[in-house]
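A.B. asks: make a model of this:
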Amino acid sequence: MMTPRRPYFIRAIYEWIGDNNCTPYIIVNTKIDNVNIPLNYAKDGRIVLNISLTATNKLRIGNDAIEFEARFGGKITYVYVPINAVLAIYAKENNLGMIFTPEDIENYELPSHQTPPATTSQQNPPHLKLLQDNDEDDDK
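C.D. replies: Numbering: from 1, shown residues only. Now for the predicted structure:
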């Protein structure tokens, strides 16, 4: 069995966005277990986060989650976003990026050895031009 492809796509699109001098944003489903963000900034179960190096501190895009520190209302906050909560990654300046299909989102499972930290606990931005993740050869 192969490892999930989503974290690799996220890292690749993140790098591509940066190489083109654009700002990477992610859309997060805040209703997924273990999402740790200030929920008062979420709307309709979603939040858009700037994950650029200038907006974050200690950014890590791992196979299990995206983690970083960011300021919300002037307060430094630890953010933890499980990979299965990432709905899309795109460039702020031109809305180009990738959206993950509902099937990809529903079928994603954390590796059994992953233990996310304890936390408290589909509508795209206008004109979001996203490349669909339609690779059907994923399990081959």
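
A.B. asks: which elements pack onto the helix or strand containing L49?
C.D. replies: Following DSSP states H and E, one finds L49 within strand 46-50. When contacts are defined as 3 or more C-beta pairs under 8 Å, 6 or more residues apart in numbering; DSSP states H and E, strand 46-50 packs onto strand 24-29. C-beta: built from backbone N, CA, C; applies to glycine.

A.B. asks: how many neighbours does G73 have?
C.D. replies: Around G73 there are 8 other residues, counting by other C-beta atoms under 10 Å.

A.B. asks: which residues are in contact with it?
C.D. replies: For G73, the contact set (C-beta atoms under 8 Å, 6 or more residues apart in numbering) comprises P38.

A.B. asks: now do the buried residues in the longest helix that the chain contains.
C.D. replies: Secondary structure of the chain read by DSSP state H shows that its longest helix is helix 6-19. By neighbour count on 16 or more other C-beta atoms under 10 Å, the buried set for helix 6-19 is R6, P7, F9, I10, I13, Y14, W16, I17.

A.B. asks: about what we covered before: pLDDT of the strand holding L49, averaged?
C.D. replies: In this model, strand 46-50 has a mean pLDDT of 96.

A.B. asks: show me where pLDDT drops low in this protein?
C.D. replies: 102-140 (pLDDT under 70).
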